[in-house]
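>>> Okay, structure incoming, though there's no sequence with it:
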């Protein structure tokens, strides 16, 4: 399905959430690892304009961090559309937030591909890519699972025809770069905006 079609489908799904989802139905929950360390950490990646950026580039802003890829058939367009609606709901407070979309498919997601993809959602979403080693490092830091699936599921057997299974949390990081909370896939924009607004209002 073309990107425009995926975005349209995602928009319709998120519209249903925004009208009927209970704000308390899918609360954010803290992610715990075996080591007890919170998700997040330093990174150095390429943004969708071809510029090298790091976690320090975004210091001073709250970050909404989501991992996915541009060929994703469902989770990614739906989540990014939800983030776009959340940014609308935040109003003036949206200037305090930077959404980051980090690919888990660096072999196909060059900066140009990322630019075309995030451009469809607008709202200042920054696409980030890098070498497979760089992506693995940041994914590990955020406790993100991802793995290529078998190619045959998309039909023509070409090597480029594969999907990537991946976890679908959206992480909220503070202006100091530290983990605050995360949102599960399917959370409504109202819930996300309400929680982000609370953290912004209480930030010291």
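The structure has been received and is ready for your questions. What you are looking at is a predicted structure, and each value in this text was computed from that prediction instead of being measured.

>>> Report the residue spans of this structure with pLDDT below the cut-off.
1-36, 150-160 (pLDDT under 70).

>>> So for it, the centremost residue is which one?
Per C-alpha atoms, centre = their mean, the C-alpha nearest to the average position across the chain is that of residue 66, at 1.8 Å.

>>> contacting residues for the residue nearest to that one when sequence neighbours are not counted?
What sits nearest to residue 66 in space, not counting adjacent residues and going by C-beta to C-beta, 6 or more residues apart in numbering, is residue 170, at 4.7 Å. Backbone N, C-alpha and C define where each C-beta goes, glycine included. Counting by C-beta atoms under 8 Å, 6 or more residues apart in numbering, residue 170 makes contact with 64, 65, 66, 79, 83, 182, 183, 187, 192.

>>> and the residue nearest to the centre of the chain, backbone torsions?
The phi/psi pair for residue 66 (degrees, to the nearest 10) reads phi -130, psi 140.

>>> ok so, going back, which residues pair with the residue nearest to residue 66 across the strands?
With DSSP bridges as the criterion, residue 170 is bridged to residue 66, residue 183.

>>> measure it to residue 116 for me?
21 Å (C-beta to C-beta, to the nearest Å).

>>> Need phi/psi at the residue nearest to residue 109 when sequence neighbours are not counted.
Closest residue in space to residue 109, ignoring its immediate chain neighbours: residue 103 at 3.9 Å, by C-beta to C-beta, 6+ apart. Per-residue torsions, residue 103: phi -70, psi 150 (degrees, to the nearest 10).

>>> Quick check: residue 103 touching residue 66?
No. Residue 103 is not in contact with residue 66 according to C-beta atoms under 8 Å; the separation is 10.4 Å.

>>> any common contacting residues for those two?
Contacts common to residue 103 and residue 66, judged by C-beta under 8 Å, 6+ apart, are absent.

>>> Surely residue 174 is in contact with residue 203?
Yes. The pair residue 174 / residue 203 is scored as a contact, 7.0 Å apart, by C-beta under 8 Å.

>>> Can you pick out the residue with more neighbours from those two?
residue 174 (17 against 12; other C-beta atoms under 10 Å).

>>> Please name the residues that touch the more buried one.
62, 180, 199, 203.

>>> One more: residue 42?
Contacts of residue 42 by C-beta under 8 Å, 6+ apart are 54, 55, 56, 141.

>>> Can you pick out the most distant pair from the residues you listed?
Maximum pairwise distance among these (C-beta to C-beta): 14.4 Å, between 56 and 141.

>>> ok, these two, which is more surrounded?
Neighbours were counted for residue 56 and for residue 141 using other C-beta under 10 Å; residue 141 has more, 16 against 11.

>>> Save the contacts of residue 170 as a markdown table, and put in distance to residue 164 too.
Formatted as a markdown table, the contacts of residue 170 follow (distance: C-beta to C-beta, whole Å):
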| residue | distance to residue 164 |
| --- | --- |
| 64 | 20 |
| 65 | 17 |
| 66 | 14 |
| 79 | 14 |
| 83 | 19 |
| 182 | 20 |
| 183 | 20 |
| 187 | 22 |
| 192 | 24 |
